[in-house]
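All I have is the shape, not the residue letters:
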DNA sequence: TCTAGTGTATTATTAAAGTAATACAATAAT
DNA sequence: ATTATTGTATTACTTTAATAATACACTAGA
């Protein structure tokens, strides 16, 4: 599976898993009607407790991205891609807005912000 | 004093205090040779334990922004403004770079990022 | 029907971080 | 000198969040 965990990250493991799957669906790497790895399977391959995986999957269920089929597995629901794309958009828009708000609270000048933004975006462009 | 604490924030209180003072120095609101409020004074006015303030001040000392004068107080050192301006710059540059990296890991398109950025920056412009 | 695979719910444990309590040390001023 | 103010160091407590343990429930297939 395509999931990589950073145990050192302050971001909890279950959240890393949920986000990576969500973004994989948004990117089209995982499609509707496909099954995600079973709780125990992924737990084994990542050397984690099954409950950690289950928690990640529970989040995804709450957001209508995957659905449980008891005894069978968890399937990516129809329309998941659209939801994930939208969530990804919202997630990053919020993140950037928070960033901008913080620059303002700290009285960083608009020009300084622009400089930071343009530098970071040109390097990778 | 100008410090405002949000007890609900996930950001620890001592860190809120340290950052606000640092940014106040960067902005010129607090200048070199001025004293910051005493540990107990600020603790009283914010209804916090003195140690919480002390910890914030310790951070600022480690970064050469304030210096202790035992029995007297903590003074903003010469050159603090430059340090704070630089740190503020680094702080936000790092934050934005992390943001960009995360957009890339999630395969958000460059155009989508640009849209988010330009929207957030024009609204507030 | 039994087995081996699935997900789920509840509870307990652990770990980390933040904050608080306490006692100590230095300075200035009366 | 004594008092009141300052910062500091050590330790303990509390809380919260994450993760783990365990037992349960459902399904497919042999």
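Alright, I've got the coordinates. Quantities reported herein were computed from a predicted structural model and do not represent experimental measurements. Numbering: from 1, shown residues only, chains lettered A, B, ... in the order given.

Figure out the helix or strand that the most centrally placed residue in chain A lives in.
Centroid-nearest residue in chain A, with Cα atoms, centre = their mean: residue A:19, separated by 1.7 Å. Assigned by DSSP states H and E, residue A:19 falls within helix A:13-27.

in that helix, what's buried?
With burial defined by 16 or more other Cβ atoms under 10 Å in any protein chain shown, the residues of helix A:13-27 counted as buried are A:13-14, A:16-27. The C-beta positions use only the backbone N, C-alpha and C, and glycine is treated the same way.

so how far is residue A:88 from the residue nearest to the centre of chain A?
Between residue A:19 and residue A:88 the computed distance is 9 Å (Cβ to Cβ, to the nearest Å).

same deal with residue A:59?
In this view, residue A:59 and residue A:88 are 15 Å apart by Cβ to Cβ.

what comes up buried for the helix-or-strand element of chain A with minimal mean pLDDT?
Of all the helices and strands that make up chain A, helix A:110-123 has the lowest average by mean pLDDT, DSSP states H and E, namely a mean of 91. With burial defined by 16+ other Cβ under 10 Å, the residues of helix A:110-123 counted as buried are A:112, A:113, A:116, A:117, A:120.

between residue A:19 and residue A:88, what contacts are shared?
Residues within reach of residue A:19 and of residue A:88 at once, by Cβ atoms under 8 Å, 6 or more residues apart in numbering or on different chains, are residue B:106.

could you pull out the strands for chain A?
Counting by DSSP state E, chain A has these strands, from start to end: A:66-69, A:73-76.

The ones you listed: which one's closest to DNA strand D?
Put simply, out of the strands of chain A the one that sits nearest DNA strand D is strand A:66-69, at 6.8 Å, with distance taken as Cβ to the nearest atom of the strand.

Can you give the distance from that closest one to the centre of its chain?
In terms of Cα atoms, centre = their mean, to the nearest Å, the centre of strand A:66-69 is set 18 Å apart from its chain centre.

average pLDDT across it?
Mean pLDDT, taken over the full extent of strand A:66-69, equals 95.

Relative to it, what are the paired strands and their orientations?
Paired strands of strand A:66-69, with direction, are strand A:73-76 (antiparallel) (DSSP bridges).

ok, and does the partner strand reach over to DNA strand C?
Yes - under the criterion of Cβ under 7 Å from any atom of the strand, strand A:73-76 makes contact with DNA strand C via A:73, A:74.

So which bits of that strand are buried?
Under the neighbour-count criterion of 16+ other Cβ under 10 Å, strand A:73-76 has A:74, A:75, A:76 buried.

does it come close to DNA strand D?
No - using Cβ under 7 Å from any atom of the strand, strand A:73-76 stays clear of DNA strand D, with a minimum separation of 9.6 Å.

pLDDT weak spots in chain A?
Within chain A, the stretches with pLDDT under 70 are A:1, A:123-125.

Using the record's assignment, carve it into domains.
If you go by automatic domain parsing, the domain ranges for chain A are A:13-81, A:85-123.

Which of the ones you listed sits closest to residue B:35?
domain A:85-123 (21.6 Å; Cβ to Cβ).

Could you confirm whether any residue of stretch A:17-31 contacts chain B?
Yes - against chain B, stretch A:17-31 shows contacts by Cβ under 8 Å from any Cβ of the partner chain at A:19, A:23, A:26, A:27.

how far does that stretch sit from the chain's center?
Here the centre of stretch A:17-31 is set off from its chain's centre by 7 Å, with Cα atoms, centre = their mean.

Could you find the residue in chain A that comes nearest to DNA strand D?
Counting by Cβ to the nearest atom of the strand, chain A gets nearest DNA strand D through residue A:71, at 2.2 Å.

mind listing what the residue nearest to residue A:35 when sequence neighbours are not counted touches?
Once flanking residues are discounted, residue A:35 sits nearest to residue A:73: 4.5 Å by Cβ to Cβ, 6 or more residues apart in numbering or on different chains. Contact criterion Cβ under 8 Å, 6+ apart gives A:35, A:36, A:38 as the residues in contact with residue A:73.

Cool, thanks, signing off.
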